[in-house]
Each structure stands twice: as structure tokens, then as C-alpha cells.
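J.: Kindly return the folded structure for what I paste below:
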Amino acid sequence: MAVTICQNCGSRRFRADRSMAGRLVCQNCGLAAGSRAVRSTPRTSRRNNTKRWLVILLIAVIVLVVVTS
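T.: Residues are numbered from 1 along each chain as shown. All right, here's what the predicted structure looks like:
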């Protein structure tokens, strides 16, 4: 079975829904696999969010060092 990524939330967690004749449904958002995404803007990747938090943390550490000096 091919790995499917939800177009709405980016999750890889799916389960077969018996009420939809075994169609795959995302466990996070409930959208059926292959359906169009509801979002108007694409979701940012987790990697970009991690980089953003690291930059914010680095700036906070620099400010803390400058203030305590």
C-alpha cells in the first residue's frame, strides 16, 4: 500500500471507514483520502516550523546574554 498524505492536514494516519465502503479517512481531520483540501493556503512543513523556533530561541538567548551582561 502506498503511503498517503492528507491534503488537508499533512497527516499520514489513515483508517478504512466502513460506512464509506472502506475508503481511507484521515484520523486527524476526517477528510477522505483523495479529496480536495479545505485550506486556501498550503500548510507549512514541520521542518520550516522547527527552523523558525530555533531562530526565535537563538534570538532570545542572545537578548538574554546582552541583558545580563
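J.: Tell me the backbone dihedrals of the residue nearest the centre of the chain, please.
T.: In the chain, the residue lying closest to the centroid (CA atoms, centre = their mean) is Gly10, at 4.7 Å. Summarising the backbone geometry of Gly10 under the convention degrees, to the nearest 10, its torsions are phi 80, psi 0.
J.: That one and Ile62: what is the separation?
T.: 32 Å (CB to CB, to the nearest Å). For every residue, glycine as well, the C-beta is placed using N, CA and C.
J.: picking that back up, what pLDDT is listed against the residue nearest to the centre of the chain?
T.: Gly10 is assigned a predicted lDDT (pLDDT) of 80.
J.: And for Thr41?
T.: 59.
J.: for the one 5 residues further on, same thing?
T.: At Arg46, the pLDDT value in this model is 60.
J.: ok, Lys13 touching Asn28?
T.: In this structure residue 13 is Arg, not Lys. Yes - the pair Arg13 and Asn28 qualifies as a contact (CB atoms under 8 Å) at a distance of 6.2 Å.
J.: low pLDDT regions in the chain?
T.: Applying pLDDT under 70 to the chain flags the ranges 1-3, 35-48.
J.: Can you name the residues that contact Ser11?
T.: Neighbouring residues of Ser11 by CB atoms under 8 Å, 6 or more residues apart in numbering: 5, 26-29.
J.: if you set the cut-off to 6 Å instead, what comes out?
T.: Contact partners of Ser11, counting by CB atoms under 6 Å, 6 or more residues apart in numbering, are 26, 28.
J.: would you list every one of the helices in the chain?
T.: Ranges of helices within the chain are 46-68, based on DSSP state H.
J.: then stretch 62-69 to PDB, C-alphas only?
T.: C-alpha atoms of stretch 62-69 as PDB (Å, rounded to 0.1, in the frame of the first residue of the first chain):
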ATOM      1  CA  ILE A  62      21.300  36.500  22.600                       C
ATOM      2  CA  VAL A  63      19.000  39.000  24.100                       C
ATOM      3  CA  LEU A  64      19.300  37.300  27.500                       C
ATOM      4  CA  VAL A  65      23.100  37.300  27.300                       C
ATOM      5  CA  VAL A  66      23.100  41.000  26.400                       C
ATOM      6  CA  VAL A  67      20.700  42.000  29.100                       C
ATOM      7  CA  THR A  68      22.500  40.100  31.800                       C
ATOM      8  CA  SER A  69      26.000  41.400  30.800                       C
END
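J.: If anything else comes up later, I'll come back, but that's it for now.
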